[in-house]
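Student: fold the following.
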Amino acid sequence: MFRPSFDPQPSLDGPSISIRPLGRDDWDGLFAAAGHPAVWAGHPASDRYTREKFEPYFGLLLDSGGTVAVIDRARDTIIGCSRYYPAPDREDSLSIGYTFINHEYWGGRTNFELKRLMLDHAFETYDEVWFHIAPTNIRSQKAVAKLGAENMYETVLNLSGVPAPGFCFRLGKNAWLLRRKMLEAAA
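Tutor: Numbering: from 1, shown residues only. I've put the predicted structure just below:
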């Protein structure tokens, strides 16, 4: 359960991307962003680029009530999504996950811009944010560590209907504010 003061599907604008609530009409755009094997490489659901595997995932995202679409503002195109959800093993905590961005946007500033928008919004209400990442998903582990999150422990979580091992990374508000300044100064 989210805190009453928190909007889990905000509309926010950054310099090159925006986020907004994911809707049923976003199927074509989101599937196009997800439809390449590279997007899911290293992820436990490595075949999610197929329609057969993506359809139930899209339904889960819609039903969650916390998923946002990521939009390339210059192209007005969906390039991925992310989701806020209550931390399953931490009472009154918030998590960010279920994030993917089309592989054409890797290696630049898109992921940082997305996480900056989402983290700044989250930290208006919460003092910490959790990330749950599969042990095989090295790319995501490195990405959240770069944001300043620390791997606190490993556990088995049921995030998508199937219990699976996961690393639990925590990012506190003060650590984020310091890391954000460093990353923005380096850009």
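
Student: give me the neighbour count for the nearest residue to residue 138 once chain neighbours are set aside.
Tutor: Nearest residue to residue 138, sequence neighbours excluded (C-beta to C-beta, 6 or more residues apart in numbering): residue 42, at 5.9 Å. For the C-beta atoms, the positions are set from N, CA and C on the backbone; glycine is no exception. Other residues near residue 42 come to 13 when the count uses other C-beta atoms under 10 Å.

Student: and if you look at residue 50?
Tutor: 13.

Student: now do residue 54
Tutor: Residue 54 - counted by other C-beta under 10 Å - has 20 other residues nearby.

Student: buried residues, the strand or helix carrying it. List them.
Tutor: Per DSSP states H and E: residue 54 is located in helix 51-64. Within helix 51-64, the residues scored as buried using 16 or more other C-beta atoms under 10 Å are 54, 57, 58, 61.

Student: if you count contacts, what does it end up packed against?
Tutor: helix 27-34, strand 77-86 (3 or more C-beta pairs under 8 Å, 6 or more residues apart in numbering; DSSP states H and E).

Student: each with direction, which strands does the last one pair with?
Tutor: So the one you mean is strand 77-86. Sheet pairing for strand 77-86, assigned by DSSP bridges, gives strand 67-72 (antiparallel), strand 94-101 (antiparallel).

Student: what about the closest residue in space to residue 32 that isn't next to it in sequence, distance to residue 170?
Tutor: Closest residue to residue 32 apart from its sequence neighbours, by C-beta to C-beta, 6+ apart: residue 78 at 7.3 Å. As defined by C-beta to C-beta, to the nearest Å, residue 78 lies at a distance of 29 Å from residue 170.

Student: what's the helix or strand for the residue nearest to residue 138?
Tutor: Residue-wise, residue 42 maps onto no helix or strand under DSSP H and E.

Student: shouldn't it be in contact with residue 135?
Tutor: No: contact criterion C-beta atoms under 8 Å: residue 42 and residue 135 do not qualify, at 10.4 Å.

Student: how near is residue 44 to residue 67?
Tutor: In terms of C-beta to C-beta, residue 44 sits 19 Å off from residue 67.
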